[in-house]
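dropping the sequence and predicted coords here.
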Amino acid sequence: MKKLLSTLLLGLILAMLPGSNALAHFGMLIPQRNIVDQQQRTEKITLSFGHPFSGIGLNMEKPTRFFVDLDGKQIDLTGSLHPVQVMKHQGWQTKYRFRRPGIYIFAVEPKPYWEPAEDIYIKHYTKTIISAFGADHGWGRPLGLKTEIVPLLRPFGNYSGNTMVGQVLLDGKAAPHTEVEVELYNKGRFSAPTPAHETQVIRTDERGIFSFTCPQPGWWGFAALHDANFTLPGPDGTDKTVELGAVLWLYMDPWQTVP
Amino acid sequence: MNICRFLTWNKLFPVILLLFVFITPAPVFAHHLYVFAYVNGRDIVVKAAFGHDRPDKNGKVTVTNSTGKLLFQGKTDSRGMLHFPRPQLPPNDTVKITVGGGPGHQGVWTMTPADLGNNTAATETPTDSVHTAQPNNSPAPPSLSANEQRYLARLVSEAVAREIEPLKAMMARQMESGPSLQNIIGGIGWLVGLGGLVAAWSSRKKR
């Protein structure tokens, strides 16, 4: 009996092992809330890199560029970042004070992350969208990033159970038949039945559009992935593939009952 | 009298229009009214808009202080905006601006003492073109057209915003960071010093 148990256990461990390689990477750009009101005008905005469902962090270098786009005007915030620990690894944070109504689109262009396990560089252009003081117009504007997800669902004021619809752009053009990975920033709430469940995967149609229904409240990350048309020299000096990601984070609120 | 002659298009049109007025309010309710206000020189500027940035034209504006005392009443213009002189208030008082936008619509914005520039914090002035595009402020030399003035004002505002962004960030970081090693050593020094003074004083008393 004991032998059977230990064999089972070993089998289980072996079954889990390949899963660690299957974990999806996500650039993460998580504010405290995605709707700002008069009561709370300042928000901490946290930048990190890792596996949001499993809660495994990876060290993030100070990004190349971090900015906010307000009505098409981009304000650089890279200088305001200070290092913090996110999922036990280096991340970055800023405190941002919202001064007037508007749709604030925050975006980060990270330095390429060297992933030895996959023998590639990973560079995720990551966005999140905040509505301040009742503004509801202009959330669907692209920022002109190398690659990005433009939401077709209003990206704030959503309930869990709503369907995220978005369009993937690469070099400003719709990216058809692109794989989009989806993860919940789980924070230890749920366990995955199999490693495959940690990351949900969909593909865009010929117009670069995808949809995904978010069944739980929380922050949901969408990462549309492409291999770049350039390479970077790896630590061993040979050319390495660069995975470009367009990542968008949005929050699904729980339904509230009448108190 | 022939009923068909009576029901001419001219007469039916107002009836149909009225019907539409009664049928269509539902989507209007979906557009909430939001209000925003900021200090601009000696004025307070109010902006009221429905969803999709549609201005609340002729919106009734009521301004009160924290005790509900009426300070000002007015109406928004075609851009949903209103300027009124900044009221003289005690430093800790607030200004509550209520704007009506027709049946079922009301928006409120409360200006804190910091918003009003009544404490050490810098005056809250948003760095946008709406703020700077007020031709009645800071008159420029007459050689510039109104459009040029606006453009110049926007350029200056953007440049200032860009320049002070790192400063603001630095200040934010300073506010956030806890006591430094220097502060701690300084604090211990103070405690030791004060302890010494107390000891000296009490020994002198004993003698």
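Thanks, I have it. Residues are numbered from 1 along each chain as shown, chains lettered A, B, ... in the order given.

just the pLDDT for the nearest residue to B:Pro55 once chain neighbours are set aside.
Of all residues not flanking B:Pro55 in the chain, B:Gly80 sits nearest, at 2.9 Å (C-beta to C-beta, 6 or more residues apart in numbering or on different chains). Glycine gets a C-beta too; all of them are placed from N, C-alpha and C. Here, the pLDDT recorded for B:Gly80 equals 94.

A:Ala135 versus B:Gly80, what's the distance?
The gap separating B:Gly80 from A:Ala135 is 13 Å, by C-beta to C-beta, to the nearest Å.

and for A:Pro217?
Taking C-beta to C-beta, one finds A:Pro217 at 23 Å from A:Ala135.

who has more neighbours out of those two?
Legend: neighbour count by other C-beta atoms under 10 Å in any protein chain shown for A:Pro217 and A:Ala135, higher for A:Ala135 (25 against 17).

flag every buried residue along stretch B:50-61.
When burial is assessed from 16 or more other C-beta atoms under 10 Å in any protein chain shown, stretch B:50-61 yields the following buried residues: B:50, B:53, B:55-56, B:59-61.

could you tell me which of the residues you listed belong to strands?
Of the positions in the buried residues of stretch B:50-61, B:60-61 sit in strands, assigned by DSSP state E.

pull the most distant pair out of the buried residues of stretch B:50-61.
Comparing all pairs in those by C-beta to C-beta, the longest separation belongs to B:Asp53 and B:Lys60, at 20.1 Å.

give me the phi and psi for residue 78.
Let's take chain A. phi -60, psi -40 (degrees, to the nearest 10).

check contacts around it.
A:62-67 (C-beta atoms under 8 Å, 6 or more residues apart in numbering or on different chains).

could you tell me how far the nearest residue to B:Gly59 once chain neighbours are set aside is located from chain A?
Spatial nearest neighbour of B:Gly59, chain neighbours left out: B:Thr76 (4.2 Å); criterion: C-beta to C-beta, 6+ apart. For B:Thr76, the distance to chain A (C-beta to the nearest C-beta, to the nearest Å) stands at 15 Å.

can you give me the neighbour number for A:Thr178?
A:Thr178 has 21 neighbours, counted by other C-beta under 10 Å.

wait, I meant B:Val63
Counted with other C-beta under 10 Å, residues neighbouring B:Val63 total 22.

name all residues that make contact with it.
B:Val63 touches B:44, B:70-73, B:84, B:87, B:95-98, counting by C-beta under 8 Å, 6+ apart.

can you pull out the strands in chain B?
Ranges of strands in chain B, per DSSP E, are B:34-40, B:43-49, B:60-65, B:70-75, B:81-85, B:95-100, B:106-111.

and the last one, which strands flank it?
Looking at strand B:106-111 with DSSP bridges, its partner strands are strand B:95-100 (antiparallel).

just want the angle from the partner strand to strand B:60-65.
Strand B:95-100 and strand B:60-65 meet at an angle of 160 degrees, taking axes from the mean of the first three to the mean of the last three C-alpha atoms, to 10 degrees as the criterion.

relative to strand B:70-75, how tilted is strand B:95-100?
If you take the same axes, to 10 degrees, strand B:95-100 sits at 30 degrees to strand B:70-75.

okay, angle between strand B:95-100 and strand B:81-85 too, please.
In terms of direction (the same axes, to 10 degrees), strand B:95-100 departs from strand B:81-85 by 150 degrees.

then strand B:95-100 to CSV, C-alphas only?
This file holds the C-alpha atoms of strand B:95-100, laid out as CSV (Å, rounded to 0.1, in the frame of the first residue of the first chain):
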residue,chain,number,x,y,z
VAL,B,95,-16.9,74.3,-1.9
LYS,B,96,-19.7,72.0,-3.1
ILE,B,97,-20.8,72.5,-6.7
THR,B,98,-24.0,70.9,-7.7
VAL,B,99,-25.1,71.0,-11.4
GLY,B,100,-28.5,70.0,-12.6
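
that older thread, name the nearest of the buried residues of stretch B:50-61 relative to A:Ser131.
Nearest member of the buried residues of stretch B:50-61 to A:Ser131, counting by C-beta to C-beta, is B:Asp53, at 12.3 Å.

mind telling me what element the nearest residue to that closest one once chain neighbours are set aside is part of?
Distances taken as C-beta to C-beta, 6+ apart place A:His137 nearest to B:Asp53, at 4.6 Å, with adjacent residues excluded. Assigned by DSSP states H and E, A:His137 belongs to neither a helix nor a strand.

any weak-confidence spans in the chain?
Unless you meant another one, I'm taking chain A. Applying pLDDT under 70 to chain A flags the ranges A:1-22.

oops, chain B please
Scanning chain B for pLDDT under 70 picks out B:1-31, B:119-151, B:154-155, B:157-187, B:205-207.

let's see it at 80
For chain B, applying pLDDT under 80 flags the ranges B:1-32, B:102-104, B:118-193, B:195-196, B:198, B:200-207.

ranges for the helices of the chain?
Using chain A. A:2-22 (DSSP state H).

other chain: chain B
B:3-6, B:9-23, B:25-29, B:129-132, B:146-176, B:181-206.

for A:Gln200, what are its contacts?
Shown in contact with A:Gln200 (C-beta under 8 Å, 6+ apart): A:181-183, A:212.

most surrounded residue in the residues you listed?
Per-residue neighbour counts (other C-beta under 10 Å) across those peak at A:Glu183, which has 22 neighbours.

would you agree that residue is in contact with A:Phe26?
Yes: counting by C-beta atoms under 8 Å, A:Glu183 does reach A:Phe26; the two are 6.0 Å apart.

could you name every residue contacting both of these two?
A:51-52, A:221, A:223.

of those, closest to chain B?
A:Pro52 (25.0 Å; C-beta to the nearest C-beta).

for that closest one, the count of nearby residues, please.
The tally of other residues near A:Pro52 (other C-beta under 10 Å) stands at 30.

against A:Ser191, how distant is it?
Counting by C-beta to C-beta, the separation of A:Pro52 from A:Ser191 is 14 Å.
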